[in-house]
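In: quick one, fold the following:
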Amino acid sequence: MQRLRVIIRGAVQGVGFRPFVYRLATEMKLPGWVVNSSQGVFIEVEGDSLKLGKFLERIDKEKPANAFIQSMETSYLAPAGYCEFEVRQSDGSGAKTALIMPDLATCEDCFREIFEPSDRRYRYPFTNCTNCGPRFSIIENLPYDRVNTSMKAFVMCDRCLDEYNDPSDRRFHAQPNACPICGPQLALWNSRGKVLETREEALQGAVDAVRRGEIVAIKGLGGFHIMVDARNEEAVRRLRQLKNREEKPFAVMFPSLDSVMESCTVSALERRILLSPESPIVLVRRKESHGAAIVADSVAPGNPNLGVVLPYTPLHHLLMTELAFPVVATSGNRADEPICTDEHEALERLKGVAELFLVHDRPIVRHVDDSIVRLMAGRELVIRRARGYAPLPIMLKHEVPSALAVGAHLKNTVAVSVGQQVFSSQHIGDLETEQAYDAFEHVIESLTNMYGVEAVDVVCDLHPDYISTKFAGTLGKPLLQVQHHYAHLLSCAAENEISPPFLGAAWDGTGYGTDGTIWGGEFLLVTETGFARAGHLRTFPLPGGERAIVEPRRAALGVLFQIFGDAALEMDDIPAVSSFSKDERNIVRKILKSGINCPITSSAGRLFDAVCSIVGKRQLARYEGQAAMELEYACDSIDESGCYPFVIIDEAERKIIDWQQIILHVIGDLKRDQSTNVIAARFHNTMSEIIVEMAKRVGEKQVALSGGCFQNKYLTERTVRRLESEGFAPFWHQRIPANDGGISLGQIAALAGRERRE
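Out: Residues are numbered from 1 along each chain as shown. Down below sits the predicted model:
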């Protein structure tokens, strides 16, 4: 007889792991115990060596579907004389390193129960078990036990308590367990907070309102959704006006996968992602409409894709089954604000937007938006990482001192390091408003408290004016500032588990360079000791500075002025120029000549904008990235159209990619009435070839692709194919966003590199 001690680390809390171990040990007649700790799951069992070996083997093979094991440490000790197997009370002492599971979509068993009239949870909107339901959005502290969640206020009734204590029940130690007798309940409020209905009548009232074309705010898992009939053109337009969201696409929730496939073309992998426990919004291809479209045009104007999501909570399933048609399901917020989580806060912040509020009394501990995923080169690419994905960590190869990384200014996330693990927060958003800054501070406090992190170091961006950078400077800790594009590439390398040396293409809109200029079309040679700027796109001016972000035509004039000088402002046959009045051109001319409010940039993102403007696709952007996206969509119908010539100039310190010939050929094609689709495809093909040629000249086989430009499906997939065909090993993002949502991970990785060198 021997005693086996097992310490399991990974996603093993909130997934039914202890009940699984209990059932396995009991079946194998192995006495001992299992306990949740702040570090993971600890197990001790006693038996002969053959049985103990089989026990370990079955843990790995038969673990719960939503669990994953990072490490399983074992040691054999003298027997302690256990008589039976028990689940012991959780241990909250010691360092907090256990993984918190993300919120998980409703499982098939719970789905069946809420639609089975004979079941006691029939039509109960908060049904869950160890395989599904809220996790990250309700946990307050580790270990994951009911007393450490927002469910602690709901005392389980006798029947729920029996389930909770029954090892054979799938609700054995399901922390959010509840039923209609003892659990959270719905209420329907008007815009002044008056209770109109409760429970089932509240749900039916919300359904009826959506059917009437009204705008309803619905408190969900990690915050509020604003819902409206996606078929109703007038209602969707009214929501756009009230939410001040001119053209940015809305996400659409469909009742079922079959209903999605009536409107969209969905691949096998996209189906798997839609039906996964993560249940993100997935960008899928809209079908061409022959007759009346199911989804109103104003849901995603001018966009060939649709962001679709399936119901992922019992409440959503009940709503969508009653409605039986698609609804807009957009974040419950106003522009540049974080999602609302509290019903009283929602009444105030969504005043004048929502006409009714379907709320419940289960507190949301932290805001968690819907994640957004796009299929890219045969893999899922997370564009916004939140529900279903956060806060699962990325493992570094070496331990890092406890640190806090505060991320970038746009699409902000923060991250903390615990040993080799980096816990990147859920999407916070652009730090443009007081509410966003409050959310930023709250997430930092929440994440550091949950893991007991007393940060030794703080890491931030190099940009001195980022709000996140300024915040980092107030903490009184050793501060490491990391160049923006270097962080992008280290983020890509960390999640792909590659080590330097490698060449990185970091392409985005803006990032503060080490020389004080705006970078964005970078090739960095990353080594164990840091990075060198191996090359970049030729720089050009941005008249009006940040106004060029919302006016692609300004980026176009900067590019044209760099080629043609003053004559660029008289080229009336180019749409970018003719979109300005004579007076406006005179103002821009003065800006370009004086250099005042006219920063110099190497930005690939602004170059995409410039080309989109030059060919007449988009002069004014209604949301971030719109111009580049429309240029990408123009490539859709083109299989192969060749490339434009470009020049790479070898300077003493780096290579300069001169785009002048590209722009001249774009203008030439435009004047020859070549289709915009062909011009767009040729431009994209050329940008891919630039990366391939730079890889050849630098000579590193590993090539990392990061930055917002690599959310572009056409660009990324072509670049990956071309690099592979030339014998290179390309790496691109998967579970961590290529955009600035990945910066905080890269900042921690930079700190890890510095620690190894020192």
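
In: so which bits of the helix or strand of the chain at the bottom of the mean pLDDT ranking are buried?
Out: The weakest-scoring helix or strand in the chain, judged by mean pLDDT, DSSP states H and E, is strand 68-77 (a mean of 82). By 16 or more other Cβ atoms under 10 Å, the buried positions in strand 68-77 come out as Ile69, Gln70, Met72. (C-beta placed from N, C-alpha, C; glycine too.)

In: which parts of the stretch 451-600 of the chain are strands?
Out: According to DSSP state E, counting those that start in this stretch, the stretch 451-600 of the chain carries its strands in the segments 457-461, 479-482, 502-512, 518-527, 530-537, 540-541, 600-601.

In: ok so, going back, quick one: strands adjacent to the least confident helix or strand of the chain?
Out: strand 2-11 (antiparallel) (DSSP bridges).

In: quick one, the helix or strand that the partner strand is followed by and strand 2-11 angle?
Out: Once the chain leaves strand 2-11, the next helix or strand it forms, by DSSP states H and E, is helix 17-27. With axes from the mean of the first three to the mean of the last three Cα atoms, to 10 degrees defining the directions, helix 17-27 sits at 150 degrees from strand 2-11.

In: pull out the buried positions in stretch 561-571.
Out: Neighbour-count burial for stretch 561-571 flags Phe561, Gln562, Ala568, Leu569, Met571 (criterion: 16+ other Cβ under 10 Å).

In: list just the nearest of those to Leu24.
Out: Relative to Leu24, the closest of the buried residues of stretch 561-571 is Gln562; by Cβ to Cβ it sits at 68.2 Å.

In: name the nearest residue to the closest one, ignoring sequence neighbours.
Out: Spatial nearest neighbour of Gln562, chain neighbours left out: Phe540 (4.6 Å); criterion: Cβ to Cβ, 6 or more residues apart in numbering.

In: which positions in stretch 448-462 come out as buried?
Out: Neighbour counts over stretch 448-462 (16+ other Cβ under 10 Å) mark Thr448, Met450, Tyr451, Gly452, Val453, Ala455, Asp457, Val458, Val459, Cys460, Asp461, Leu462 as buried.

In: could you do stretch 206-219 as well?
Out: Neighbour-count burial for stretch 206-219 flags Ala206, Val207, Ala209, Val210, Glu214, Ile215, Val216, Ala217, Ile218, Lys219 (criterion: 16+ other Cβ under 10 Å).

In: I'd like the distance between the third one and Val328.
Out: Which is Ala209. 14 Å (Cβ to Cβ, to the nearest Å).

In: now do the first one
Out: Relative to Val328, Ala206 is positioned 14 Å away (Cβ to Cβ).

In: the stretch 151-300 of the chain: strands as residue ranges?
Out: Using DSSP E, counting those that start in this stretch, the strands found in the stretch 151-300 of the chain span residues 186-190, 195-198, 216-219, 224-229, 251-253, 264-265, 281-286.

In: which one of these lies nearest to Val353?
Out: strand 224-229 (6.7 Å).

In: for that closest one, packing partners?
Out: Strand 224-229 sits against helix 199-211, strand 216-219, helix 233-243, strand 327-331, with contacts defined as 3 or more Cβ pairs under 8 Å, 6 or more residues apart in numbering; DSSP states H and E.

In: a markdown table for the buried residues of stretch 206-219, including pLDDT?
Out: As requested, the buried residues of stretch 206-219 are exported to a markdown table (pLDDT from 0 to 100):
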| residue | pLDDT |
| --- | --- |
| Ala206 | 98 |
| Val207 | 98 |
| Ala209 | 98 |
| Val210 | 98 |
| Glu214 | 98 |
| Ile215 | 98 |
| Val216 | 98 |
| Ala217 | 98 |
| Ile218 | 98 |
| Lys219 | 98 |
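
In: what's the farthest-apart pair in those residues?
Out: For the buried residues of stretch 206-219, the maximum inter-member distance is 16.5 Å, found between Glu214 and Lys219 (Cβ to Cβ).

In: buried residues in stretch 145-159, which are they?
Out: Asp145, Arg146, Asn148, Thr149, Ser150, Met151, Phe154, Met156, Cys157.

In: oh, I was asking about stretch 343-351
Out: Buried, per 16+ other Cβ under 10 Å, within stretch 343-351: Glu343, Ala346, Leu347, Arg349, Leu350.

In: next step: these restricted to helices.
Out: Glu343, Ala346, Leu347, Arg349 (DSSP state H).

In: list the contacts of the second one.
Out: Put plainly, it is Ala346. Ala217, Lys219, Phe224, Gly332, Cys340, Ala354, Phe357, Val359 (Cβ atoms under 8 Å, 6 or more residues apart in numbering).

In: farthest-apart pair in the buried residues of stretch 448-462, please.
Out: The most widely separated members of the buried residues of stretch 448-462 are Gly452 and Leu462, with 29.4 Å between them, by Cβ to Cβ.

In: which non-adjacent residue is nearest Gln185?
Out: Nearest to Gln185 is Arg199, by Cβ to Cβ, 6+ apart, at 5.8 Å.

In: now Thr686: which helix or strand?
Out: Counting by DSSP H and E, Thr686 is part of helix 676-698.

In: average pLDDT for that helix?
Out: Averaging pLDDT along helix 676-698 yields 97.

In: low-confidence ranges in the protein?
Out: Scanning the chain for pLDDT under 70 picks out 94-98, 290-292.

In: domain map for it?
Out: With automatic domain parsing as the criterion, the domains of the chain are listed as 2-87, 100-370, 535-700.

In: could you dump those domains into JSON lines and include distance to Ile518?
Out: Listed next are the domains of the chain as JSON lines, based on distance: least, Cβ to Cβ, whole Å:
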{"stretch": "domain 2-87", "distance to Ile518": "40"}
{"stretch": "domain 100-370", "distance to Ile518": "22"}
{"stretch": "domain 535-700", "distance to Ile518": "4"}
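
In: looking at those domains, which is nearest to Thr517?
Out: Here domain 535-700 is closest among the domains of the chain (Cβ to Cβ), at 5.3 Å.

In: off-centre distance for the closest one?
Out: Centre-to-centre, domain 535-700 and its host chain are 28 Å apart (Cα atoms, centre = their mean, to the nearest Å).

In: check which helix or strand Thr716 maps to.
Out: Counting by DSSP H and E, Thr716 is part of helix 713-725.

In: returning to what we had before: max pairwise distance over the buried residues of stretch 145-159: which two?
Out: Based on Cβ to Cβ, the longest span within these runs between Asn148 and Cys157 and measures 20.9 Å.

In: got the ones in helices among the buried residues of stretch 343-351 as JSON lines, with distance to Met28 columns?
Out: Output for those, formatted as JSON lines (distance: Cβ to Cβ, whole Å):
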{"residue": "Glu343", "distance to Met28": "48"}
{"residue": "Ala346", "distance to Met28": "50"}
{"residue": "Leu347", "distance to Met28": "55"}
{"residue": "Arg349", "distance to Met28": "54"}
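
In: so which residues of the stretch 301-450 of the chain form helices?
Out: Here the stretch 301-450 of the chain has its helices, by DSSP state H, counting those that start in this stretch, at 314-323, 343-349, 434-450.
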